[in-house]
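Enquirer: Predicted model follows, preceded by the sequence.
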Amino acid sequence: MIVYFSISDARLTILHSSHWSVLDKSEAVKNLTINDLTVFSKKMKETFYLECLVQGNYSKEQALEVARSFKKTLQPNERSNDPLPPIRICQVPLGNKCCRLASFHPTDSNSVVVNYYQVGPTNMHQTAVMEILVVSCIYILISANKIIYFHWKREPEFDGGTCV
């Protein structure tokens, strides 16, 4: 059996104190029954709440109507005051670190390079500025045909925890 491990899974396994790959998740749900799903869906509905963000060519009135329509259809609960559990990211030691993995597809000559930069705890303003700078650089590189494809995914905030 050939096992494929995505570059994202490799990175997240290194950085998160607990990460489940797509393969781990697939293995975990193999023995689920309809009854398991029914119980889960009822519990999920009890704690479900809704926040809406409407983007695009919508007026304020249209956006509010979309949000009201979702709320009416889904009938969410009020949001709990309980804080969400933090997502812990491991602190990468200072300096340059390199993690090389064997090719995921031995017959494919393409390669993937992922650069990961960690800046420590930030606030919303600093995060927004960094994202604007990174996305601007990406567009410049794409326009100059220096990269073909780039996937930007914002990581949760680093909380100062360390890998165990």
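Expert: Yep, that arrived.
Enquirer: What is the burial count for residue 136?
Expert: Counted with other CB atoms under 10 Å, residues neighbouring residue 136 total 10. For glycine as for every other residue, the C-beta is placed from the backbone atoms N, C-alpha and C.
Enquirer: Also residue 130?
Expert: 14.
Enquirer: Off-centre distance for the top helix by length along the chain?
Expert: The single longest helix within the chain, with elements called by DSSP state H, is helix 124-143. Here helix 124-143 shows a centroid-to-chain-centroid distance of 17 Å under the convention CA atoms, centre = their mean, to the nearest Å.
Enquirer: Just give me the neighbour total for residue 35.
Expert: Neighbour count for residue 35, taken as other CB under 10 Å: 8.
Enquirer: quick one: it from residue 42, how far?
Expert: Going from residue 35 to residue 42 by CB to CB, to the nearest Å gives 11 Å.
Enquirer: Sort out which residues of the longest helix of the chain are buried, please.
Expert: Neighbour counts over helix 124-143 (16 or more other CB atoms under 10 Å) mark no residue as buried.
Enquirer: Let me see the mean pLDDT of it.
Expert: Taken as a whole, helix 124-143 has a mean pLDDT of 82.
Enquirer: Which residue ranges of the protein form helices?
Expert: Along the chain, counting by DSSP H, helices occupy 7-15, 22-28, 34-47, 60-74, 124-143.
Enquirer: among the ones you listed, which is nearest residue 105?
Expert: Closest to residue 105 of these is helix 7-15 (CB to CB; 11.6 Å).
Enquirer: Which positions in the closest one come out as buried?
Expert: Residues of helix 7-15 classed as buried: 9, 10, 11, 12, 15 (neighbour count, 16+ other CB under 10 Å).
Enquirer: And the contacts of that helix?
Expert: 19, 21-23, 89-90, 92, 99, 101, 104, 112, 114, 116, 153, 155 (CB atoms under 8 Å, 6 or more residues apart in numbering).
Enquirer: Please check those and keep the buried ones.
Expert: Buried among the contacts of helix 7-15 by 16+ other CB under 10 Å: 21, 89.
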